[in-house]
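**Q** Here is a sequence with its predicted model. Questions after.
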Amino acid sequence: MLETFQNIFRIPELRKKIYFTLGIIFIYRLGGHIPTPGIDPRVLAEFFAQSQNSLFGLYDMFVGGAFKRVTVFALGIMPYISASIIIQLLGSVFPYFHKLQREGGEGRKKITQYTRYGTVLLAFFQAIAISFFLQSITSPSTGMNAVHPGLMGIKFTLLTAVSLTTGTMLIMWLGEQITNRGLGNGISLIIFIGIVARLPDAVIAEYQQIMAGTRHPFMELVVVAIIVAMTAFIVMMTQAMRRIPIQTPKKVVGTKMYAGQNTVLPLRLNMAGVIPIIFASSIMTLPGMLINWIPGFQMVDDVSRIFAPGGIVYSLLYSLLIIFFTYFYTAIIFNPLDIADNLKRSGGFIPGIRPGKKTAEFLDNVLTRITLPGSIFLAFIAVAPFMMMGGMKINFYFGGTSVLIVVGVALDTLQQLESHLQMRNYEGFMKKGRLRGRR
């Protein structure tokens, strides 16, 4: 392993990519500590310390704690992700966007441009909503408002909207720079860094509880063992796929004959990624947010207990929503008819399956079967942390969603490093045997 890390820095091109990526990450983390003008951090910290809204916690996890501090990067990259999802959904409804998705490089450029416009609009409207939300926050102990009195009203709204929207645009640009000139997918790496940045604070908090005697060391070892086992399980399920064999016939080009090829069409067990969990979390937190606005009734209190995270009803509804959105989003991003048409045009076919409609039906049946265990896996990953927090009294939020993102991004980045090393005949991270002809 040590030799592999040394090999990374022996390749000048790879070394430049790593340094460039680390520089962009440093800028991102620096911007995450620049506060939005006009905010009283003491009132804000007191409010979020008492808030139990899980949607705030989920959003704050993706932006590395910048949301609770209301920095210029408080919105993070989430408006860009939301705009990307909306564009993908539009591709299944409007023929124009579906055509762009099939046009290759030029189509992707236009989709990227529309995604940028959508990001700016979403960020601006979300920033306005946040400004109204901040102006409604008051300290329970002192009665002071979270916004300085001289900036209340339309002045603070415009200032916050411009600051947060500009911050999101800068993050979007930083992510694109990593993708184009650095190492890995820039947008994914930004989310990855935001999640990992909170890990030291969680570890320190657990250590302090052990030292104070409020947490038994054996229980801490059990928690660590569960986290390691869940991480290994996520790695296994993330890498799991069904390989569909594809054959291409012999081709005659001019006077030359090219032999047929045997390839595979990989279908991942979890093609939807973490998107179904995000959709389901947003829906499950809406009843709690609405209930907080109309307190004082017994029926409201009963509904609030039902939708409390960790309860049986909450976990069941949450799991069913994740399973539904897994099927829904998988159907959006993977169209068996398009795959069957592409195979037919290229002359490829699945052994034993007729090209065209039969191939599309076969792929649809396979995808339906493998999506079920993938959706159950996502539901388990999302619900398991609530079980741990309730049954083992864990104070910090061990999110299966965060581990899923971290593992996925880490594997993707390692695979890119692997490809760079193998191009230069160096041994990579995931290579069992040594490559011949090492320079």
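**A** In hand now; what should we look at?

**Q** residue ranges of the helices in the stretch 301-439 of the chain, please?
**A** 312-333, 336-346, 357-391, 400-423 (DSSP state H, counting those that start in this stretch).

**Q** In JSON lines, list those along with distance to residue 92 and mean neighbour count.
**A** No exception for glycine: its C-beta is placed from N, CA and C like everyone else's. Putting the helices of the stretch 301-439 of the chain into JSON lines (distance: least, C-beta to C-beta, whole Å; neighbours: other C-beta atoms under 10 Å) gives the following:
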{"stretch": "helix 312-333", "distance to residue 92": "5", "mean neighbour count": "18"}
{"stretch": "helix 336-346", "distance to residue 92": "11", "mean neighbour count": "16"}
{"stretch": "helix 357-391", "distance to residue 92": "15", "mean neighbour count": "18"}
{"stretch": "helix 400-423", "distance to residue 92": "24", "mean neighbour count": "18"}
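
**Q** Of the ones you listed, which shows the lowest average pLDDT?
**A** For the helices of the stretch 301-439 of the chain, mean pLDDT drops lowest on helix 400-423, to a mean of 78.

**Q** sorry, back to before: dump the helices of the stretch 301-439 of the chain to TSV, plus distance to residue 242.
**A** Below are those laid out as TSV (distance: least, C-beta to C-beta, whole Å):
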stretch	distance to residue 242
helix 312-333	13
helix 336-346	13
helix 357-391	5
helix 400-423	18
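
**Q** wait, which of these is closest to residue 199?
**A** Of all those, helix 400-423 sits nearest to residue 199, with 9.1 Å by C-beta to C-beta.

**Q** Packing partners of that closest one?
**A** Judged by 3 or more C-beta pairs under 8 Å, 6 or more residues apart in numbering; DSSP states H and E, helix 400-423 is in contact with helix 2-8, helix 12-31, helix 54-62, helix 186-196, helix 217-239, helix 275-293, helix 357-391.

**Q** how about a markdown table for the ones you listed, with distance to residue 203 added?
**A** Shown next, in a markdown table, are the helices and strands packed on helix 400-423 (distance: least, C-beta to C-beta, whole Å):
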| stretch | distance to residue 203 |
| --- | --- |
| helix 2-8 | 23 |
| helix 12-31 | 18 |
| helix 54-62 | 16 |
| helix 186-196 | 11 |
| helix 217-239 | 10 |
| helix 275-293 | 24 |
| helix 357-391 | 16 |
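
**Q** Just tell me which of those helices ends up closest to residue 343.
**A** Closest to residue 343 of these, according to C-beta to C-beta: helix 357-391, at 6.3 Å.

**Q** and residue 214, what element?
**A** Per DSSP states H and E: residue 214 is located in neither a helix nor a strand.

**Q** quick one: it and residue 206, what's the gap?
**A** For residue 214, the distance to residue 206 (C-beta to C-beta, to the nearest Å) stands at 10 Å.

**Q** ok, these two, which is more surrounded?
**A** Under the criterion of other C-beta atoms under 10 Å, the comparison of residue 214 against residue 206 puts residue 206 first, with 17 against 10.
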